[in-house]
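Student: Okay, predicted coordinates and the sequence, questions at the end:
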Amino acid sequence: MSKKLETPTNRPPSIDQIARAISDLDLPHPLLVDAAREAVNNFNGGDVVEEARKIGEVISRTLLTDVINATGVLLHTNMGRAPIKIGDKNKHFRFSNLEFDLETGERGSRQDRSSKLIARACGAESALIVNNCASAVLLVIAALAEGRGVAVSRSELVEIGGGFRIPEILQQSGAHLVEVGTTNRTRRKDFEKAINKKDVSLVLKVHQSNYRIVGFTETTDISEMADLGIPLVVDIGSGLIDSACPWLENGPPKWLIGEPAARQSLESGAEIVTFSGDKLFGGPQAGIIAGKTELVELCAQHPLARAVRPGSLTMSALQDITISYLERKGSSIPFWEMSTTSVDELKGRADKINAKFTTETNATPGGGTLPGVEIPSAGLKLAGDHVEFFRQQNPPIICRMDNNQTVIDLMTVHPSDDAFIDAAIKKIH
């Protein structure tokens, strides 16, 4: 509640008085002062404290904060993609042995821990971690093909969100693009011809992660290109590390069938695979380079490696996720926990919130992964557009519209957050 300030009606109270009156907003004092100043500048004889409070609330909503993702998009790019567990915020501070060798007491490598675990999990000889998958592709090409050609099928010259385009990445890496085949059909002999006639030092196969080409099509499998005589790099993008999903009690879900995985790509003949850490891998934003030791080492020694290396928080989170994979505890990885929740369980949660709004829905993987795939889900559906209302709650609840109805998909909502959704609905009904 705002504190009532006794001031003349023709002028507002002091900036400091207003800032102190809205101190319950839990903003740093300088930001409260900014809100107070803006309110005074807009003063027209009204309640300046309430105006400052509104401005302060807007400032609060511009800061990074936790939100409840009720959209049904499991890897929502605008909400950080894969949700990750953060350690106890009340834990006392400690440093990390990020680049410290506990055995020798000397400087170590930040890649010696999480990278080795990831290599083990996906069956690679070695691995390197960078800050995102785009960086991984850029670094691999720069390290293995700078000044030379890279053969890519015309059907795989992709663009993903944010303007990442394979031709432009090749140009930035110092290599040049050698287009192979056609938009809809590419065969092994197309690669053989390019390698024989051009200065090609690398073959790059890119997963069509956010689109599909259907109809009169033909692609070249990894196994068909494994013996072309030059390194084969496969960007699988989404970060599935093993198509068998040994970390899940019931094996891979049906919606995952056909998605390329790191282990199987390497077993088929890829010498390097690259993928994201924040998609199906279920970790923080990161890029993984995994494969043959000598090629990974060339990437690690390239000058760009330092520019794209991740920090200790990313490395720590990746280590925790990878240990869960190695221990086959998929339920401890938030992405796999939510994506394998049964429809019956979701319906039960929806009924407890408000049974008259319970409905079946379809969730989606999101994050440029498995385009067109729908995952049976359940949640609540309210008549009318309440999206903005839910977004203004604390914590914000992000939902979606469908045929003039507000849909709250519970697959992407942690059960402990159901109470916030219940409270918000009661404000409407």
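Tutor: Yep, it's here.

Student: how close does Pro83 sit to Gly366?
Tutor: Remark: distance between Pro83 and Gly366 (C-beta to C-beta, to the nearest Å) = 12 Å. Backbone N, C-alpha and C define where each C-beta goes, glycine included.

Student: Which parts of stretch 396-414 count as buried, going by neighbours?
Tutor: Neighbour counts using 16 or more other C-beta atoms under 10 Å place 396-399, 405-413 of stretch 396-414 among the buried residues.

Student: and Ala244, how many neighbours?
Tutor: The number of residues packed near Ala244 is 11, by other C-beta atoms under 10 Å.

Student: Isn't it up against Leu256?
Tutor: No - look at Ala244 against Leu256 with C-beta atoms under 8 Å: they stay out of range, at 10.5 Å.

Student: Output the below-cut-off pLDDT ranges for the stretch 151-300 of the chain.
Tutor: Low-confidence segments of the stretch 151-300 of the chain (pLDDT under 70): 161-163, 210.

Student: Break down it into its strands, ranges please.
Tutor: Under the criterion DSSP state E, counting those that start in this stretch, the stretch 151-300 of the chain contains strands at 159-160, 164-165, 176-180, 200-206, 232-237, 272-276, 287-291.

Student: Figure out which of the ones you listed is closest to Ala124.
Tutor: Closest approach to Ala124 among those is made by strand 287-291 (3.8 Å; C-beta to C-beta).

Student: could you check the angle strand 272-276 makes with the closest one?
Tutor: The directions of strand 287-291 and strand 272-276 differ by 160 degrees, with axes from the mean of the first three to the mean of the last three C-alpha atoms, to 10 degrees as the criterion.

Student: Just the CA atoms of strand 287-291, as PDB, please.
Tutor: Extracted in PDB, the C-alpha atoms of strand 287-291 (Å, rounded to 0.1, in the frame of the first residue of the first chain):
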ATOM      1  CA  GLY A 287      27.100 -25.000 -28.000                       C
ATOM      2  CA  ILE A 288      28.700 -28.400 -28.000                       C
ATOM      3  CA  ILE A 289      31.400 -29.700 -30.300                       C
ATOM      4  CA  ALA A 290      31.900 -33.400 -30.000                       C
ATOM      5  CA  GLY A 291      33.800 -36.000 -32.000                       C
END
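
Student: Let me see the residues that make contact with that strand.
Tutor: Contact partners of strand 287-291, identified using C-beta atoms under 8 Å, 6 or more residues apart in numbering, comprise 118-119, 122, 124-137, 139-140, 239, 262, 266, 270-277, 281, 296, 299, 308.

Student: Phi, psi for Thr340 please.
Tutor: Here is the backbone geometry of Thr340 (degrees, to the nearest 10): phi -110, psi 10.

Student: just Ile323 next, same as before
Tutor: For Ile323, the backbone dihedrals (degrees, to the nearest 10) come out as phi -60, psi -40.

Student: can you count the residues close to it?
Tutor: Per other C-beta under 10 Å, the neighbour tally for Ile323 reads 14.

Student: isn't it right next to Ser114, touching?
Tutor: No - using C-beta under 8 Å, Ile323 is not in contact with Ser114, being 9.5 Å away.

Student: sorry, back to before: highest mean neighbour count out of the strands of the stretch 151-300 of the chain?
Tutor: Sort the strands of the stretch 151-300 of the chain by mean neighbour count, taking mean count of other C-beta atoms under 10 Å, and strand 272-276 sits at the top with a mean of 30.

Student: Ser312: what's it in contact with?
Tutor: 96, 98, 110.

Student: In a strand, Pro13, correct?
Tutor: No - per DSSP: H, G, I helix; E, B strand; the rest coil, Pro13 lies outside any strand segment and is coil.

Student: how's this structure carved up into domains?
Tutor: Using automatic domain parsing, the domain parsing of the chain gives 15-62, 68-85+341-428, 114-334.

Student: Straight-line length of the longest one, end to end?
Tutor: The reference is to domain 114-334. End-to-end span of domain 114-334 (C-alpha to C-alpha, to the nearest Å): 19 Å.

Student: Distance from that domain to the middle of the chain?
Tutor: Relative to the centre of its chain, domain 114-334 is centred 16 Å away, using C-alpha atoms, centre = their mean, to the nearest Å.

Student: Let me see the residues that make contact with stretch 187-205.
Tutor: Outside stretch 187-205, the residues that touch it by C-beta under 8 Å, 6+ apart are 137, 141, 144-145, 148-153, 156, 166, 175, 178, 180-181, 218, 220, 222, 224-225, 228-235, 270.

Student: Any quick PyMOL command for the buried ones out of those residues?
Tutor: Of the contacts of stretch 187-205, the buried ones can be selected in PyMOL as follows, counting by 16+ other C-beta under 10 Å:
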select buried, resi 137+141+144+145+148+149+150+151+152+153+156+166+175+178+180+181+220+222+225+228+230+231+232+233+234+235+270
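
Student: Many thanks, I have nothing further to ask.
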